[in-house]
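Novice: model this:
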Amino acid sequence: MKFPIVTVAMVSVALVYVFWGQTREQPDSTDPARFANLQANPVKISEAVDWAITQVPQICAQAVGDSDDDDAVAECIKRAQPRTSSCRRAVYDRFPDYVNSEALFRDVSISMMNCLVPQSGIVRP
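Specialist: Now for the predicted structure:
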């Protein structure tokens, strides 16, 4: 039986590629200033969705209220994490591929935030 040199080489290259991808620096989070002039510089919907996901801790703090209950905020964040892929898919299906207006950005971000951290309709004074 002949030694599978080609297969071993291909698997080795694939492993090197995976390890290289793991060691690369993660990209910085999206700067909110990136969304300032969407008509001149439209963004992919994935960038807007990624930004909305980074806002989950602030949304959870707002949803919990003014109390200093860190456990409630942590629980809210923990509940939001498993929803990211389904919320992302729902927003991708509902909106166009590029966000080119403030109104569309607002709709995308609010839809994503409401999906990640659903809040009751109770109005607080």
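Novice: What is the subsequent helix or strand relative to the longest helix seen in the chain?
Specialist: For the chain, the helix with the greatest residue count under DSSP state H is helix 5-23. Once the chain leaves helix 5-23, the next helix or strand it forms, by DSSP states H and E, is strand 43-44.
Novice: Buried residues, the helix or strand that comes right after that following strand. List them.
Specialist: Per DSSP H and E, the first helix or strand lying C-terminal to strand 43-44 is helix 45-54. Neighbour-count burial for helix 45-54, counted by 16 or more other Cβ atoms under 10 Å, picks out 45, 47, 48, 49, 50, 51, 52, 53. All C-beta atoms are positioned from the backbone trio N, CA, C, and that covers glycine.
Novice: same thing with stretch 99-117?
Specialist: 99, 104, 105, 107, 108, 109, 111, 112, 113, 115, 116, 117.
Novice: I would like the residues contacting the longest helix of the chain, please.
Specialist: Residues outside helix 5-23 that contact it (Cβ atoms under 8 Å, 6 or more residues apart in numbering): none.
Novice: can you give me the mean pLDDT across it?
Specialist: Averaging pLDDT along helix 5-23 yields 89.
Novice: and if you look at stretch 71-83?
Specialist: On average, stretch 71-83 scores 89.
Novice: Could you verify that residue 2 is part of a helix?
Specialist: No: judged by DSSP: H, G, I helix; E, B strand; the rest coil, residue 2 forms no part of a helix; its state is coil.
Novice: Any figure for the gap between the most centrally placed residue in the chain and residue 92?
Specialist: In the chain, the centroid-proximal residue (Cα atoms, centre = their mean) is residue 50; its distance is 3.0 Å. As judged by Cβ to Cβ, to the nearest Å, residue 50 and residue 92 stand 12 Å apart.
Novice: Show me what the host helix or strand of residue 106 is packed against.
Specialist: Following DSSP H and E, one finds residue 106 within helix 102-116. Here helix 102-116 touches helix 45-54, helix 56-64, helix 84-94, going by 3 or more Cβ pairs under 8 Å, 6 or more residues apart in numbering; DSSP states H and E.
Novice: Noted, bye for now.
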